[in-house]
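In: okay, predicted coordinates and the sequence, questions at the end:
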Amino acid sequence: MIMLISLALGIFLLYYDIVINVSIFGSVFDSVNVCKRGNKAKMNNEIICYCSQVTKQEILQAIKDGAKTLQDIREKTNACTIGNCKKLNPKKMCCSGDIVELITEW
């Protein structure tokens, strides 16, 4: 009996979540886009240069402000200037490759 009630409650909650929430608050795609925007903000705060604690967001801002080379990024953010990334970076490698990749992507 308890399992039957639990199953009925589960089906009701699933129906409510899919039909009611979607019709009141927008489409499923809107919910997915909100999640993607949240993940994007989180990704932009990831640290790229561990020795100088420079985030992806700071590097992207430097690119937006006109940085076109690794040297430009170094001058604008102080990233890739200390040389300790091989020790501090979880990838165990210098951050310069990640920075150059961001430059070419943007």
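Out: On my side now, so go ahead. Residues are numbered from 1 along each chain as shown.
In: what are the boundaries of the strands in the protein?
Out: 47-49, 54-55 (DSSP state E).
In: average pLDDT for the last one, rounded please.
Out: Right, strand 54-55. If you average the pLDDT over strand 54-55, you get 96.
In: also the longest one?
Out: Rounded to a whole number, the mean pLDDT of strand 47-49 is 95.
In: re earlier: just name the most buried of the strands of the chain.
Out: strand 47-49 (a mean of 23; mean count of other C-beta atoms under 10 Å). Where you see a C-beta, it was placed from the backbone N, CA and C, and this is true even at glycine.
In: what does that one contact?
Out: Residues from elsewhere that reach strand 47-49 (C-beta atoms under 8 Å, 6 or more residues apart in numbering): 53-56, 59, 77, 79-80, 85, 95, 98-99, 102.
In: out of those, who's the most crowded?
Out: Ala79 (27 neighbours; other C-beta atoms under 10 Å).
In: so who does it touch?
Out: Ile48, Cys49, Ser52, Val54, Glu58, Ile59, Ile73, Cys95, Ile99.
In: so how far is Ala79 from the first one?
Out: Ile48 sits 7 Å away from Ala79, going by C-beta to C-beta, to the nearest Å.
In: ok, now the third one?
Out: For Ser52, the distance to Ala79 under the criterion C-beta to C-beta works out to 5 Å.
In: quickly check the contacts of Ala79 for the two that are furthest apart.
Out: With C-beta to C-beta as the measure, no two of those lie farther apart than Glu58 and Cys95, at 12.1 Å.
In: ends of stretch 85-93, how far apart?
Out: Using C-alpha to C-alpha, to the nearest Å, the end-to-end distance of stretch 85-93 comes to 6 Å.
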